[in-house]
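Chemist: sequence plus the predicted model coming up.
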Amino acid sequence: MDQVQKNFDDIERKLTKMGKIREKGGSNLGMKDVMKMGQKGMSVEKIMKKIVKEGNNMNPTEIEAEKMLETMERITDMTCKQMQFALDNKPMFEKLHLAGMVKKNMGKSEQTGVALSALLIEKSPVYLRPKAEKLEQRSQAQFAVTMAAFSNATGGEDKDLQDDSD
C-alpha cells in the first residue's frame, strides 16, 4: 500500500508542476512549455497505469482508503483545471499546431483515469464509494466537454512524447 500511495503522491506532484507551467497563462506559453506539459501528462498516465496494474492486489485499510480518496480528490481537481485550461487555450494549441497532440493525450488519460477510478471505487469501503463515484462522474463530465471541443483537432499527433522523469 505504501508504494501505491507513493504513486498517487507522484501523480499529484507532477500535476502540481503542470499547474505551475499553466500559471504562466496561455498567451505566454511556447512550444517548449506545451511539450513539457505533455511529457508530464504522459508520465502521470504511466503512473496511473502502474497503480491500476498493482492495485488489484491491494487491500487498503479504511484509513488508507480515505487517504487515497483525499489524494484522488486533489488529483481530480488539478486534472479538471488542466482540461479547463486546454479548453480556454485551444486557439493557442491550434496556433502551435499541437491541438491534435492535446486531444490524443487527453484520450489516453481519460481511458487510464476510468480504469483508476473503477479500481478506487472497487477498493473503497462501502461508505466511501458514493464519494469516489461522484469524483468519477465529475471527471468524466469534464473529459466529455473537453474531448468534444477537441474532436476535430489536428496537429502534433506525431509528436512522440517521452514521459517526464522528474
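Modeler: Perfect, I can see it now.
Chemist: average pLDDT across the helix or strand residue 70 falls within?
Modeler: Taking DSSP states H and E as the definition, one finds residue 70 inside helix 62-88. Averaged across helix 62-88, pLDDT comes to 93.
Chemist: what segments of the protein are helices?
Modeler: Taking DSSP state H, the helices of the chain run over residues 2-22, 31-55, 62-88, 90-95, 99-123, 129-149.
Chemist: and those: which comes nearest residue 155?
Modeler: helix 99-123 (4.6 Å; C-beta to C-beta). C-beta here means a position set from N, CA and C on the backbone, and glycine is covered the same way.
Chemist: helices and strands around that closest one, which ones?
Modeler: Helices and strands touching helix 99-123, by 3 or more C-beta pairs under 8 Å, 6 or more residues apart in numbering; DSSP states H and E, are helix 31-55, helix 62-88, helix 90-95, helix 129-149.
Chemist: any buried residues in it, and which?
Modeler: 99-106, 109-110, 112-113, 116-117, 119-121, 123 (16 or more other C-beta atoms under 10 Å).
Chemist: mind putting the helices of the chain into TSV with distance to residue 158?
Modeler: As requested, the helices of the chain are exported to TSV (distance: least, C-beta to C-beta, whole Å):
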stretch	distance to residue 158
helix 2-22	22
helix 31-55	13
helix 62-88	19
helix 90-95	15
helix 99-123	8
helix 129-149	20
